[in-house]
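*Asks:* structural data only, the sequence is not supplied:
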């Protein structure tokens, strides 16, 4: 069983990344970073032919888990946000908040100079500005079509390759989130295939650029990701909602539950990494 645990754990990581990729306000790319998948993923995508044999056994359970997270849980996610949106939001605010310390440590692995902190502020202000514009502007609804599903796949790919970017916020803005999640849950190939094409093309195009940034300017890049993550987290807090005492208790429980899950996942990930290095 012990030999299977890392395989199962990577499948769980893939499922979390898949769920995070379709949840509003959550970035699949950030979860990749936090769960230790991002750097090997970028190495693989930058040189897929060279890395295929070396990384195949590592990524197979991640891909299986990702498929389960996206397809198998999309119906649950869609139902959860339609019936219990506020508790679900606070659960994932807790999850993200619990992972920020790990992301902070990851960003500082190669030091924190002035440029890194400038990058942090720039990432924070950039993402905060975009999300404020989306929040206070009128929603621009579009009619779902083949082209728009490809565009959704492109945005999804950006969210995986560029940590901190949450394309689901844009899906909601465009009025495409509900039909997208429902289509994935129903295995509607007219939605899944064009999204998959857009995602694959985007990842293949951007992967090498991100790999170069991580190699040449790791601290600057990761501090920008940290700023983007914190801004994204702040903007999904439902401040405009009305809160009764019962609501406050419920949301606090959801927040703490998310926090605990994040800490446990982080500790388990570090434990496995320590076992590998022994």
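*Replies:* Arrived safely, thanks for sending. Given the structure is predicted, the values throughout are model-derived calculations rather than measurements.
*Asks:* what mean pLDDT does stretch 75-88 get?
*Replies:* Along stretch 75-88, the predicted local confidence has a mean pLDDT of 74.
*Asks:* roughly how far apart are residue 117 and residue 229?
*Replies:* In this view, residue 117 and residue 229 are 15 Å apart by CB to CB, to the nearest Å. (C-beta placed from N, C-alpha, C; glycine too.)
*Asks:* then residue 188?
*Replies:* Going from residue 188 to residue 229 by CB to CB gives 31 Å.
*Asks:* then residue 167?
*Replies:* Relative to residue 229, residue 167 is positioned 15 Å away (CB to CB).
*Asks:* and what of residue 114?
*Replies:* From residue 114 over to residue 229 the distance is 21 Å, taken as CB to CB.
*Asks:* with adjacent residues omitted, what lies nearest to residue 131?
*Replies:* The spatially closest residue to residue 131, leaving aside those adjacent along the chain, is residue 235, at 4.2 Å (CB to CB, 6 or more residues apart in numbering).
*Asks:* tell me the secondary structure at residue 62.
*Replies:* Reducing the assignment to helix, strand or coil with DSSP: H, G, I helix; E, B strand; the rest coil, the entry for residue 62 is helix.
*Asks:* neighbour count winner among residue 188 and residue 229?
*Replies:* Each of residue 188 and residue 229 had its neighbours counted (other CB atoms under 10 Å), and the higher figure belongs to residue 229 (27 against 14).
*Asks:* can you pull the buried residues of the helix or strand that contains the more buried one?
*Replies:* Per DSSP states H and E: residue 229 is located in helix 218-235. Neighbour-count burial for helix 218-235, counted by 16 or more other CB atoms under 10 Å, picks out 218-233, 235.
*Asks:* what of stretch 118-129?
*Replies:* For stretch 118-129, the neighbour count (16+ other CB under 10 Å) marks 119-120, 123-124, 127-128 as buried.
*Asks:* show me how far it is from its chain's centre.
*Replies:* The gap between the average C-alpha position of stretch 118-129 and the chain average comes to 18 Å, counting by CA atoms, centre = their mean, to the nearest Å.
*Asks:* give me the mean pLDDT for it.
*Replies:* In this model, stretch 118-129 has a mean pLDDT of 91.
*Asks:* what does that stretch rub up against?
*Replies:* Contacts made with stretch 118-129 from outside it, assessed by CB atoms under 8 Å, 6 or more residues apart in numbering, are listed as 164, 219-221, 223-228, 230-232, 234-235.
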